[in-house]
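*Asks:* let me see the structure of the following:
(one chain, ligands or ions: 1)
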Amino acid sequence: MPFVKICGLSTPDTLDAALDAGAEMIGFVFFAKSPRYVTLERAAALGRRVGGRARQAVLTVDAGDTELEAIVAALRPDVLQLHGRESPERVAAIRARHGLPVMKALGVAAAADLAAMEAYRGVADAILADAKPPKDAVRPGGNGRAFDWTLLAGRERPRPLVLSGGLDPDNVGEAIRIVRPDGVDVSSGVEDQPGVKNPDRIFAFVAAARAAFAQIHEALPLEAWSGERRAPRPAVPATGP
Ligand SMILES: O=C(O)c1ccccc1NCC(=O)[C@H](O)[C@H](O)COP(=O)(O)O
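*Replies:* Sure thing, here's the model as predicted:
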């Protein structure tokens, strides 16, 4: 079942919007230079408000063991989203240490970047394909920047694959139809300005993503038939004289 994740939530009303809209996963950002940064205390309070209605992901960037320990102890998250330069070995170590699923973010700008994903196959529980940040960016993600989705279309790639980067209520349907991901993730596209989420845009995003996922999953059986070699139909027995 594909899922919709709203990342970078930091207030009760926008968290409620994500939950009421039906997002299956929400994310808290633990990167101090981000306008979406939340303290442990704030994230824990928001986490209590979730009350099991969605999975909680915590987003870190090259966090050390002590920081991760503190976050996991305070929040008991469902997923660790690693958005830095964590190597496959580091991802494996974090996963083993915390016993939690890891979603590894990887930047995509060219076909060669898909090869980098291979190194994480069987190591990360999911790959989050994101745009590469601009050269002068202060954060490695959450920049509202999209990449060429056709790079991922019809290619062999690790699964589950979550699509992110520059998605918004107007383009998420097309992105889903092209990439056919297992989930989508958004931050900037449901904001009025960096760090300020807009509940109406959250509702619009979840609805648009849901509609597109429903469409591609309805289409699946027909696509499967088109490539299939069908057995010849049995001859209709002749009847009558
Ligand atoms: O949101 C941030 O500020 C952030 C900071 C550091 C690393 C990652 C960050 N965000 C990642 C995301 O919110 C999403 O996973 C993804 O990059 C999509 O973001 P956007 O293009 O803004 O929708």
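*Asks:* which strand or helix spans residue 113?
*Replies:* Secondary structure assignment for residue 113, by DSSP states H and E: helix 112-118.
*Asks:* ok now that helix, how far from the chain's centre?
*Replies:* In terms of Cα atoms, centre = their mean, to the nearest Å, the centre of helix 112-118 is set 17 Å apart from its chain centre.
*Asks:* what does it contact?
*Replies:* 106, 107, 108, 127, 129, 132, 151, 152, 155, 157, 158 (Cβ atoms under 8 Å, 6 or more residues apart in numbering). Quick note: C-beta positions are derived from backbone N, CA and C, even for glycine.
*Asks:* in that helix, what's buried?
*Replies:* By 16 or more other Cβ atoms under 10 Å, the buried positions in helix 112-118 come out as 113, 114, 117.
*Asks:* rewinding a little: most neighbours of all the contacts of helix 112-118, which one?
*Replies:* Within those, most neighbours by other Cβ atoms under 10 Å means residue 127, with 28 neighbours.
*Asks:* dump the residue contacts of it.
*Replies:* 103, 104, 105, 106, 117, 120, 157, 158, 159, 160, 161, 162.
*Asks:* of all the buried residues of helix 112-118, which comes closest to the ligand?
*Replies:* Nearest to the ligand out of those is residue 113 (Cβ to the nearest ligand atom; 14.7 Å).
*Asks:* kindly state the pLDDT recorded for the closest one?
*Replies:* We have a pLDDT of 92 for residue 113.
*Asks:* swap in residue 219?
*Replies:* 61.
*Asks:* which bits of the protein sit near the ligand?
*Replies:* 7-8, 29, 31, 34, 36, 59, 61, 83, 128, 130, 139-145, 164-167, 185-189 (Cβ under 6 Å from any ligand atom).
*Asks:* any idea how far residue 200 is from residue 206?
*Replies:* Separation of residue 200 from residue 206 (Cβ to Cβ, to the nearest Å) stands at 11 Å.
*Asks:* could you do residue 116 as well?
*Replies:* 30 Å.
*Asks:* grab the nearest non-local neighbour of the residue in the chain that the ligand sits nearest to.
*Replies:* Distances between the chain and the ligand by Cβ to the nearest ligand atom are smallest at residue 142, namely 2.2 Å. With sequence-adjacent residues excluded and distances taken as Cβ to Cβ, 6 or more residues apart in numbering, residue 142 is closest to residue 187, at 4.6 Å.
*Asks:* how about the helices in this structure?
*Replies:* 12-21, 40-50, 65-75, 88-98, 112-118, 172-179, 199-226 (DSSP state H).
*Asks:* now distance to residue 2 too, for those, in a markdown table please.
*Replies:* Listed next are the helices of the chain as a markdown table, based on distance: least, Cβ to Cβ, whole Å:
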| stretch | distance to residue 2 |
| --- | --- |
| helix 12-21 | 15 |
| helix 40-50 | 20 |
| helix 65-75 | 25 |
| helix 88-98 | 23 |
| helix 112-118 | 19 |
| helix 172-179 | 8 |
| helix 199-226 | 5 |
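*Asks:* which stretch among these approaches residue 193 most closely?
*Replies:* helix 199-226 (11.8 Å; Cβ to Cβ).
*Asks:* check which helices and strands that closest one is in contact with.
*Replies:* Helices and strands touching helix 199-226, by 3 or more Cβ pairs under 8 Å, 6 or more residues apart in numbering; DSSP states H and E, are strand 3-7, helix 12-21, helix 172-179.
*Asks:* helix 12-21 and that one, what's the angle between them?
*Replies:* 30 degrees (axes from the mean of the first three to the mean of the last three Cα atoms, to 10 degrees).
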